[in-house]
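Show me the folded form of this:
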Amino acid sequence: MNLSTPVFPALSTQLTGQSLVSHAGLSVLTSFLNAVGFRRLCEDRFSQFVPATATHRPGKILGALTLSLAAGGEQATDIDQLRAAPGLFGPVASDATISRFTHRIKEQPEAFEHGFATMTRTLRTKVWTAAGPRNPGRLATPTNPLIIDIDASLVHVHAEKESSAGTYKGGHGFAPLIAMADYGKKNGTGEVLAVQLRPGNRGANSAASHIEVLNQALAQLPDGFSDEHGNLYGEKVLVRTDSAGSSREFLQYLDSLGIQFSTSYSLPVIKERFIRWIDEKKYWEPARGAGVDQRDDAWVIDASKVIELKDYPPGTRIYLRAEPLHPGAKADLFDTDGNRVTAFLTNAPRFNVAFLDARHRARGRRENRIKTLKNTGLGKLPYWSFAANQAWANLAMFALNLVSWLQLVVLPGGYEAGCWDVKRWRYRLFSMAGKIVSGGRQRRLLIPESAPEAQLLCQLIEGIDSLFQRWRHGLLAA
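Residues are numbered from 1 along each chain as shown. Coordinates of the predicted model:
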């Protein structure tokens, strides 16, 4: 007789009234929000969006939505996952309450935008100060400035929404422009400073849009980036973009603020002798890889004396990079010796060609931030109203930044989780199961000791509690 052996244990399923929690790992974020004083800030900025006698205050509503997005929610109604665990998350607002709150945002979008921007700036100042020697503001110098990446993306929607339009890829939706802070691999994955939601038919090379989103991003930087009169220390900031940000208007604006830039550049069709000069690699020097090692098959050169730049800011230089064509790529006019030639512009005070090239190419990290931002809510804009969707995009940005701030402030440098994106945090930590028990007039959350990231969760909770005590006793400036 043949016996059937199942791949996994076959268990009967029953319902229980025990206090089980399916997203116990989110207690890390709830503790962090409590520690930074999120409730008080929200009450100060958004009290006009709820009735004075309302049970659910703005901090609880916005906090629940942010937690839901961090956990993988795609709609406002997904907070029912939090509502199912009142022992961990407390009373959670109903769907109707969330709907009324969103309706008030649609009626006062400017007030919500201002309140949200000032709230996140206050939190960022507090968190960066607590980072101590890893404070991105303290580390920023003219030779190693804070890098702000600006890039556009597409968000496709499957239904008509306010201000949505056709995209150049044949879809329909929005083309948000995103400004992100990259403060290096050792300090975490970086964060998002501003998200500007735009119709899908808006071009990526709009200087006006770049200037607007840059101003929003600069307004998010802590006080250490400005003097006592509010004037920006532009030399401590470098803006990095693709060729869409290489317009003269935008670069002239950066120069007027004293900001450094590093932007990709589309080479113009020029004379044949320049193409022949490109082939002479004896004038070039080896490029650097992701680390400090040189690459044998890639070269870089300062071409400022060969390619004339007209009407660009004074001190603008052009650098070229040559590397083998990718398999299947077609050669263009400049790729005469089997190498793809690309260019970028910069006004940085450093002249090490290999370093400048490696720093510019590191802008590829912004793709991970955009992907993560879409995974935390930007990829699924649930409302018809443009103002409500912009508020949703801001909450997605805040959910991403909460994880980035944990990596920056609570985790020690070099820790493995310091480079995780949100999807990995969800799978490894946020989805961890637990059980709430009561005893000795206390309620406790029990986590399986055998869970792979149980020690990480405990370490984060202890670190957050230590931060809270230091803030509470004034040992860290707010």
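
can we go C-alpha only for contacts and neighbour counts from here?
Will do.

can you map out the strands along the stretch 351-478 of the chain?
Ranges of strands in the stretch 351-478 of the chain, per DSSP state E, counting those that start in this stretch, are 434-439, 442-446.

Mind putting those strands into TSV with mean neighbour count?
Formatted as TSV, these follow (neighbours: other C-alpha atoms under 10 Å):
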stretch	mean neighbour count
strand 434-439	14
strand 442-446	12
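
Adding distance to residue 213 and mean pLDDT as columns, could you present the ones you listed in a markdown table?
Formatted as a markdown table, the strands of the stretch 351-478 of the chain follow (distance: least, C-alpha to C-alpha, whole Å; pLDDT from 0 to 100):
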| stretch | distance to residue 213 | mean pLDDT |
| --- | --- | --- |
| strand 434-439 | 42 | 87 |
| strand 442-446 | 42 | 88 |
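
got a markdown table for the ones you listed, with distance to residue 462 too?
Output for those, formatted as a markdown table (distance: least, C-alpha to C-alpha, whole Å):
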| stretch | distance to residue 462 |
| --- | --- |
| strand 434-439 | 18 |
| strand 442-446 | 14 |
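
Quick check: which ranges of the chain have low pLDDT?
Residue ranges of the chain with pLDDT under 70: 1-4, 269-276, 279, 290-292, 327-328, 333-337, 477-478.

Repeat the analysis, applying 50 as the threshold.
Where the chain drops to pLDDT under 50, the residues are 478.

Pop the domain breakdown of it in here.
Per automatic domain parsing, the structural domains of the chain span 20-107+411-472, 111-377.

Make CSV out of those and add distance to residue 8.
Listed next are the domains of the chain as CSV, based on distance: least, C-alpha to C-alpha, whole Å:
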stretch, distance to residue 8
domain 20-107+411-472, 19
domain 111-377, 30
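
The ones you listed: which one's closest to residue 394?
With C-alpha to C-alpha, the closest approach to residue 394 among these belongs to domain 111-377: 6.8 Å.

Give me the distance from that closest one to the chain's centre.
With C-alpha atoms, centre = their mean, to the nearest Å as the basis, domain 111-377 stands 14 Å off its chain's centre.

tell me how far the ends of it are from each other?
Terminal residues of domain 111-377 lie 22 Å apart, using C-alpha to C-alpha, to the nearest Å.

please begin residue numbering at 25 from this point
Will do, 25 is the new start, and the previous item becomes domain 135-401.

How many residues are close by the closest residue to residue 65 other than its chain neighbours?
In this structure, residue 65 finds its nearest non-sequential neighbour in residue 143, 6.5 Å apart by C-alpha to C-alpha, 6 or more residues apart in numbering. Neighbour count for residue 143, taken as other C-alpha atoms under 10 Å: 18.

Please name the residues that touch residue 143.
By C-alpha atoms under 8 Å, 6 or more residues apart in numbering, the contact set of residue 143 is 65-66, 69.

Distance to residue 107 for the residues you listed - can I get that in CSV?
CSV is the format used below for the contacts of residue 143 (distance: C-alpha to C-alpha, whole Å):
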residue, distance to residue 107
65, 23
66, 20
69, 25
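
now, which of the residues you listed sits nearest residue 336?
Using C-alpha to C-alpha, these come closest to residue 336 at residue 69, 41.6 Å.

and that closest one, helix, strand or coil?
Three-state assignment for residue 69 (DSSP: H, G, I helix; E, B strand; the rest coil): helix.

Count the residues that sit near it.
As a burial measure, residue 69 scores 19 neighbours (other C-alpha under 10 Å).

How about it, nearest residue that isn't a chain neighbour?
residue 139 (5.0 Å).

for whichever helix or strand that neighbour is part of, which positions count as buried?
With elements taken from DSSP states H and E, the one containing residue 139 is helix 133-154. Of all the residues in helix 133-154, those buried under the rule 16 or more other C-alpha atoms under 10 Å are 133, 136-137, 139-154.

cool, stretch 58-70 as well?
Buried, per 16+ other C-alpha under 10 Å, within stretch 58-70: 59-60, 62-63, 65-67, 69-70.
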